[in-house]
Every structure is written in C-alpha cells, then in structure tokens.
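Undergrad: Generate a structure from the sequence data that follows.
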Amino acid sequence: MRWLLRFIAWATLLALPCFWLDAAYVRMLAGVSLRLLGLGGDLGRIPPPDIPPSHVLGVYAAMCLASTRAPLARRIVAVAAGLAAMVALEIATGTLAMHWAIESARAPASPALHRLRDYATSLPAWLGAPAVWLLMLGRWELPRAARGVRTSRGGPGGPASPTSR
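TA: Take a look at the predicted model:
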C-alpha cells in the first residue's frame, strides 16, 4: 500500500510536466520515425496516439521513484536507462506502425491482420512501463518473485535455496 501511495504522489507530480512536453515529444517521435522510413511529410497530419507517450514516460519514472527496496543509485540508473529504453521502444513502435500504414495504403490488409497490427503497436504503450520497471527493479522490489526465478546454480539473487530446487 505504501508503494501505491508513493506512486500516486509521483505520478500526480509528474503529470503536468508530461502534459506540457507531450506535443513536442510526439512531434519528435514522428519526425524520427519518418526519417527512419526515409519519408518527409507534414507532422500535423499524423494523428496523436491514444495514450500520450509522454505520460507513459511519467508513469515509468513514477514507478521507479516510488520504489523503496532498490538502492537509490539503482533507482536513478533505472530511471535514466529505462527512459532511454522507453523512448527507443516508442520510436520502434511508431516506425513499425507507420510502415504498416504505408503498406496497407498500397495493398489493403485483411481486417484481422489490420487488427493484429493495431494491437501489436499499441501494446508497448500499455505494457512498456511495467515491463521495463520489472526488468530494471523487479529483483529488488519483488524479492519473492525473484527467488522463484533462481536456478539450481543460483541465478540473479545468489545461491538457490533448498526450496527452489
């Protein structure tokens, strides 16, 4: 419960800066994706995503800052490295979505394939923050889960306990 309250406080504090940065961040993501595809174009014609990507970054940062079990240095590294990973994930997802949209304009995809592509490109917005948080801080923040991951030779947390064999 303590983590949840800390998370809500950090997410609330970060919401306004994320809101202010959103339009510029979306333009940057779209511009990078267009350049990666070798395209030029009017960024104003690209519809905004359903979930504002800057808010996903804010949620991730709030998750890291709300964490209490990981050492402070590890949380700071998790914020910096995780935000970079989240930006890279957004660029990859956006570039893939644009590529599929261009491909569908040339040769329309079946409704099932179109729906699958929509799900595939929207999934990182929903799962990116918790997945990266788990990768970066899960070992400390969810110690019981980390113990279950250990192998008979040890694993991330050290030697295996007799119950994990």
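
Undergrad: what's stretch 103-121 in contact with?
TA: 93, 94, 96, 97, 100 (Cβ atoms under 8 Å, 6 or more residues apart in numbering). Using the backbone N, CA and C atoms, a C-beta is placed for each residue, glycine as well.

Undergrad: no wait, stretch 16-26
TA: With Cβ under 8 Å, 6+ apart, stretch 16-26 has contacts from 48, 49, 52, 53, 54, 55, 57, 58.

Undergrad: got a list of what the residue nearest the centre of the chain touches?
TA: When Cα atoms, centre = their mean is applied to the chain, the residue found nearest the centroid is residue 128 (2.7 Å). Contacts for residue 128 (Cβ under 8 Å, 6+ apart) come out as 56, 60, 86, 89, 90.

Undergrad: Any regions of the protein where pLDDT drops low?
TA: For the chain, applying pLDDT under 70 flags the ranges 43-46, 48, 145-165.

Undergrad: Can you show me the helices along it?
TA: Assigned by DSSP state H, the chain shows helices spanning 2-36, 53-66, 72-106, 111-141, 143-149.

Undergrad: Could you say which of these is packed most deeply?
TA: helix 53-66 (a mean of 23; mean count of other Cβ atoms under 10 Å).

Undergrad: Relative to the whole chain's centre, how far out is that one?
TA: 9 Å (Cα atoms, centre = their mean, to the nearest Å).

Undergrad: which secondary structure elements does that helix contact?
TA: Counting contacts by 3 or more Cβ pairs under 8 Å, 6 or more residues apart in numbering; DSSP states H and E, helix 53-66 packs against helix 2-36, helix 72-106, helix 111-141.

Undergrad: right, so of these, which gets closest to residue 42?
TA: helix 2-36 (9.9 Å; Cβ to Cβ).
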